Each structure stands twice: as C-alpha cells, then as structure tokens.
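**Q** The sequence isn't on hand, but the structure is:
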C-alpha cells in the first residue's frame, strides 16, 4: 500500500461525518437564518412573560419609575424583535423558494412566529388597558381625596377603575398620590405609544397573512392535484371494472354460441349418418 493510498483512505472518513451538514450554500443560509429566527421567537416569548409580570405590578405599591421604565424598554425591545422577525421570515421564504425540501421547516417557523406575535399583541393590549385603568383610578382617587364633586368622567368610571382608585387611596399617602397625578400625562403618552405599537403589529400581521396565504395557496394546489389524481384513478378503476364486465359477458356469449354450434353440428351429423 503506497503512501498515496493511505492518504486517500484517511481523507475519506473526514468527509463522512459531515454528511449531515448542509449540501449547498442555499441550505446553509436557510438553516442559519432559521436558527436565528427561532432564537428571536424564543426571546420574544420570554419577553412577553416579563411584560405581563411587570404589568401586574402597575397601580400597586410596587409601581415605580424604574418599573415603568423596565416595562417600556422591554416592550420596545420586543417590538424591534417582531419587526426583525417579520423581515427575516420574508427572507426565509425567498430562500425556501429554491429549496422545496425546506417547505415544512418554513411552515413550522412561520407558525411559531405568528403565535409569538399574537402573544405579544395581547400583552400590549393588556398593558394599555391596565395603564388606562391606573390613570383613571388616579384621577378618581385624587378627586375623592380632595373631596371634589365627581365629574362626568367619574360617573362613567368602570368597576375596575373604581377598585383601582380604592387601592391607590389605601396604599398611597396624599403626597404620593399627588406625585402619581403628576405622572398622568406621562402615562397617557405611554398608552398612546403602546397603541401605535399595536397598529404597527397589525401591519406586520397583514404582511405575514399575505405570505402565509401564498403558502396556503401552494398547499391548496397540491391538495387539488392529489384530489384530481385520486378522482382520475377512481374513474379509471370504474372503467376497468366496466370493461372487465363486458369481457365476461362477451365470454359467456361466445361459450353459448360454441355450445349451440356443437349441438347444430351434432344434429347434422346424426341426420347424415342416419
């Protein structure tokens, strides 16, 4: 065995373990982007849980400027992930157009991202509703503390807002309540920003809906083709059964004719011989 043979033999095993590696640059790019997008989805889900925990502390004794800043920063970071995730999914879809075997992976990633976006949208809605309730509760609590007559807005206060006012009155001193009142404009600005984010997320849903609709159309076409093939196969089977039935009937007719012919020949032979 020559040194070249040994070198060749050693070179072959080094390629065997890499058989599970991507077979092309397109596959490598697809898998890399899919992994990145899956990581973003994981982080978004974790952020959503963090947002909900912070929202639960709004309007309580744990409510503070640091808590609201943490909630704002976490919401903004998650919003940025949602935008990047939408763009990455579009890129992933473009890569998959040349990789038919990655279609299932694309659909799974798309489904996971949509679920995460729905959860984030719901978290934003809960945050906006809670902050709106806190704002109205602060207004009611301040009015009651100052012994002002309830305004028209107070009459229309919801039970949640009334309970929030009672909680604030029980937990906060008049000085702290006045401080909360000074933050009303800041809180209302935060609510408007959250509502803007909800509208932006709705646009992302619209874009993803178009993309998913295209994927769904492809699936529908495949299912339609399968159904057509099944119908054609069933029709062909029916025609074959009909042909077989005709063949059996023809065979019986031929047998009957043969028997009749044999009988006629026998009768003729008997007549001639007699």
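**A** That came through, no problem. In this text, all values refer to a predicted model and were calculated from it rather than measured experimentally. Numbering: from 1, shown residues only.

**Q** show me where the protein has helices.
**A** Ranges of helices in the chain, per DSSP state H, are 3-15, 25-56, 65-96, 103-145, 152-155, 159-171, 174-182, 184-273.

**Q** Are there helices or strands packed against the fourth one, and which ones?
**A** If I follow you right, that is helix 103-145. If you count contacts as 3 or more C-beta pairs under 8 Å, 6 or more residues apart in numbering; DSSP states H and E, helix 103-145 packs onto helix 25-56, helix 65-96, helix 152-155, helix 159-171, helix 174-182, helix 184-273. All C-beta atoms are positioned from the backbone trio N, CA, C, and that covers glycine.

**Q** any idea of the mean pLDDT in the last one?
**A** It refers to helix 184-273. The average pLDDT for helix 184-273 rounds to 69.

**Q** Domain-wise, how is the protein divided?
**A** Listed by automatic domain parsing, the domain ranges of the chain are 28-213, 245-274.

**Q** Please work out which of the ones you listed is packed deepest.
**A** domain 28-213 (a mean of 16; mean count of other C-beta atoms under 10 Å).

**Q** What residue, apart from its backbone neighbours, is nearest residue 92 spatially?
**A** Once flanking residues are discounted, residue 92 sits nearest to residue 33: 5.3 Å by C-beta to C-beta, 6 or more residues apart in numbering.

**Q** That neighbour contacts residue 89, doesn't it?
**A** No. Using C-beta atoms under 8 Å as the test, residue 33 is too far from residue 89 to be in contact (9.1 Å).

**Q** Spell out which residues are contacts of both of those two.
**A** With contacts defined as C-beta atoms under 8 Å, 6 or more residues apart in numbering, no residue is shared by residue 33 and residue 89.

**Q** For residue 185, give its distance to residue 192.
**A** Look at residue 185 and residue 192: by C-beta to C-beta, to the nearest Å, they are 11 Å apart.

**Q** Then residue 264?
**A** Distance, residue 264 to residue 192, using C-beta to C-beta: 105 Å.

**Q** And residue 253, by the same measure?
**A** Residue 253 sits 89 Å away from residue 192, going by C-beta to C-beta.

**Q** Contacts for stretch 38-49, please.
**A** Outside of stretch 38-49, the residues within contact range by C-beta under 8 Å, 6+ apart are 74, 77-78, 81-82, 84-85, 88, 109, 112-113, 116-117, 119-120, 123.

**Q** In contact with residue 72, which residues are there?
**A** Neighbour list for residue 72: residue 190 [criterion: C-beta under 8 Å, 6+ apart].

**Q** Many thanks, we can stop here.
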